[in-house]
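# Need a 3D model of the following:
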Amino acid sequence: MPYVNIRIAGTLSREQKARIAEEITDTLERIANKPASYTYISFDELPDENWAIAGKLLDEA
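Below you'll find the predicted structure:
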């Protein structure tokens, strides 16, 4: 059973999440032969203040 966790700075729309989930599920089914009904996907959306790159919080950019 594939479990995919997507962590992203900021937020995605419901439409974006649906499209991403569909494409990842299709890819796992097509390439790894995993049934779509067994694939679980979760989205973790984090505020920019909770992410840092090169020593700077993303909300400082």
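# which strand residues sit across from Ala52 in the sheet?
Leu57 (DSSP bridges).
# C-terminal to the helix or strand hosting Lys17, what's the next element?
Using DSSP states H and E, Lys17 maps to helix 14-32. As assigned by DSSP H and E, the chain's next helix or strand after helix 14-32 is strand 40-46.
# Can you pull out the low-pLDDT segments for this protein?
For the chain, the stretches with pLDDT under 70 are 61.
# Tell me who's in contact with the residue nearest to Asp59 when sequence neighbours are not counted.
The shortest distance from Asp59 to any non-neighbouring residue, by CB to CB, 6 or more residues apart in numbering, is to Asp48 (4.0 Å). Bear in mind the C-beta positions are built from the backbone N, C-alpha and C, glycine included. Asp48 is in contact with 9-10, 57-59, counting by CB atoms under 8 Å, 6 or more residues apart in numbering.
# rerun at 10 Å
Going by CB atoms under 10 Å, 6 or more residues apart in numbering, Asp48 touches 9-10, 57-61.
# before we move on, what about Ala21?
4, 6, 39-43.
# ok, 8 Å please
Counting by CB under 8 Å, 6+ apart, the residues that Ala21 touches are Ile41.
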